[in-house]
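Visitor: Predicted coordinates and the sequence they were generated for:
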Amino acid sequence: MPSARVTTTDHRRAPKPHTHRHAAATACKEETGPLNPALLRTFVEVYRTGSFGKAAQRLRISQPAVTQQIRMLEERVGVPLFVRHATGSRPTPAAESLARDAEGAVDALDFVLQRYFGTDGPARPLRLGAPSDLIGERILPALADMLGDGLQLRTTLALSDVLLPQLAAGELDVIVVRVRPRLTGVTALPLYDEECSLVASPELARTLRPELVAGGAPEVLAERPLVAYAESAPLIDHYWWSVFHRPAPGAPDVVVPDHRAVLAALRASIGIAVVPTYLCADDFARGTLVPLLAPEIPPITTMYLATREGDAVSRPQVAAAQSRLLACGRGWN
């Protein structure tokens, strides 16, 4: 088994069969002859993009060809797979079941075909960008199996405003960002929702809590230094709008482009910050940091997984990494 190589530039009882899955499986058994795997690849692209047109672009075939292949697959499984509407296509429950079984198999087959039978030599390293805390805490663990199977990975640690132009320019293959990408030629899928907390050291919290309990939280907090991971302080601004329904008090006093460094600053009682809650779990357990407020609905930000249009087809390892991260992201919060 080849060893992984990673470099960094400075993330009971068996249930009864699902009705739609059972119907699809039964219908398939009634057909004869092998199924063309290309139909499943087309199905997966329509499912992922939510559009026959976008799937056609990624597969580099015509939209009528996509429509024909989906109809052939629907005839084979015996049930509708997509409901067409004005802005795209919505998967039916049968399509959801088929996608759960087919996505990983299609990606794995593409990876093998590219790696062992591709015409342009061995697959190049996967180039992935994300904020440093996400690379270390979530992305590398999620890709551990692929790395163990020989995936070569090159990572870039940076914020969204740096990563997005690099993706669009072809310098990166996959990025994870805390803003919704709106660039031509870039496809973005929601990865997971990240809960945020307003945090400080216990010592600083003790000086603030009497005033916070008395009311006037925004005014009280505005008097304390703000620590942020970016000059624009997007998490702080999002928290203020979500909880206080007003903009943040101003520019941050300290900017450190790594949430783990932000936490170190908070432990030293330098100021207050809004940080992803999952990064604070150990500090909360040890009592080295505490949340200052407990809003009834904690603010969340949506993380996005972005690739260039078509790469998930032409680069099987991009598709495999995308699939793995999306699967893991369903369990993150």
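Guide: Sure, I can see it.

Visitor: just checking, what packs against the helix or strand Ala205 falls within?
Guide: In the assignment (DSSP states H and E), Ala205 maps to helix 202-214. Under the contact criterion of 3 or more C-beta pairs under 8 Å, 6 or more residues apart in numbering; DSSP states H and E, helix 202-214 touches helix 217-222. C-beta here means a position set from N, CA and C on the backbone, and glycine is covered the same way.

Visitor: Pull out the buried residues from the helix it packs on.
Guide: The neighbour-count check on helix 217-222 (16 or more other C-beta atoms under 10 Å) flags 217, 220-221 as buried.

Visitor: from these, which is closest to Arg182?
Guide: Among the buried residues of helix 217-222, Leu221 lies closest to Arg182 (C-beta to C-beta), at 31.2 Å.

Visitor: Tell me where the model's unsure across the protein.
Guide: 1-33, 111, 113-115, 117-124, 213-216, 312-314 (pLDDT under 70).

Visitor: Reformat the buried residues of helix 217-222 as a markdown table; add distance to Ala55.
Guide: As requested, the buried residues of helix 217-222 are arranged in a markdown table below (distance: C-beta to C-beta, whole Å):
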| residue | distance to Ala55 |
| --- | --- |
| Ala217 | 48 |
| Val220 | 52 |
| Leu221 | 48 |
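
Visitor: Relative to Gly148, which of these is nearest.
Guide: Leu221 (45.6 Å).

Visitor: In contact with the closest one, which residues?
Guide: 198, 208, 212, 249, 272, 292 (C-beta atoms under 8 Å, 6 or more residues apart in numbering).

Visitor: among the residues you listed, which ones are buried?
Guide: Buried, going by 16+ other C-beta under 10 Å: 198, 208, 249, 272, 292, out of the contacts of Leu221.

Visitor: three-state assignment of the third one?
Guide: Local secondary structure at Pro249 is given as coil here, using DSSP: H, G, I helix; E, B strand; the rest coil.

Visitor: what separates the closest residue to it other than its chain neighbours from Val79, distance-wise?
Guide: Using C-beta to C-beta, 6 or more residues apart in numbering and skipping residues adjacent in sequence, the residue nearest Pro249 is Ala222, 3.7 Å away. Remark: distance between Ala222 and Val79 (C-beta to C-beta, to the nearest Å) = 58 Å.

Visitor: Just checking, which helix or strand succeeds the top helix by length along the chain along the chain?
Guide: If you go by DSSP state H, the chain has its longest helix at helix 93-117. The helix or strand immediately downstream of helix 93-117 is strand 126-130, counting by DSSP H and E.

Visitor: hey, C-alpha coordinates of that next one in PDB?
Guide: Once non-C-alpha atoms are left out, strand 126-130 reads as follows in PDB (Å, rounded to 0.1, in the frame of the first residue of the first chain):
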ATOM      1  CA  LEU A 126      -5.100  17.000  -4.800                       C
ATOM      2  CA  ARG A 127      -4.800  20.700  -4.000                       C
ATOM      3  CA  LEU A 128      -7.100  21.700  -1.100                       C
ATOM      4  CA  GLY A 129      -7.500  25.000   0.600                       C
ATOM      5  CA  ALA A 130      -9.200  25.900   3.900                       C
END
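
Visitor: quick one: contacts of that strand?
Guide: By C-beta under 8 Å, 6+ apart, strand 126-130 touches 11, 135, 139, 151-158, 162-163, 166-167, 171-177, 317-318, 321.

Visitor: what do you get if the cut-off is 6 Å, keeping everything else the same?
Guide: Here strand 126-130 makes contact (C-beta atoms under 6 Å, 6 or more residues apart in numbering) with 11, 139, 153-156, 163, 172-176, 317, 321.

Visitor: what pairs with it, and is each one parallel or antiparallel?
Guide: strand 152-157 (parallel), strand 174-177 (parallel) (DSSP bridges).

Visitor: Can I get those strands in JSON lines including mean neighbour count?
Guide: Output for the strands paired with strand 126-130, formatted as JSON lines (neighbours: other C-beta atoms under 10 Å):
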{"stretch": "strand 152-157", "mean neighbour count": "20"}
{"stretch": "strand 174-177", "mean neighbour count": "26"}
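
Visitor: Number of residues surrounding the spatially closest residue to Ala205 that is not a sequence neighbour?
Guide: The spatial neighbour of Ala205 that comes closest, neighbours along the chain excluded (C-beta to C-beta, 6+ apart), is Val290 at 5.0 Å. By the measure other C-beta atoms under 10 Å, the count of residues near Val290 is 19.

Visitor: In contact with the spatially most central residue of the chain, which residues?
Guide: Centroid-nearest residue in the chain, with C-alpha atoms, centre = their mean: Leu191, separated by 2.5 Å. Contact analysis of Leu191 by C-beta under 6 Å, 6+ apart lists 303-305, 329.

Visitor: Okay, and which of the residues you listed map to strands?
Guide: If you go by DSSP state E, the contacts of Leu191 have 303-305 in strands.
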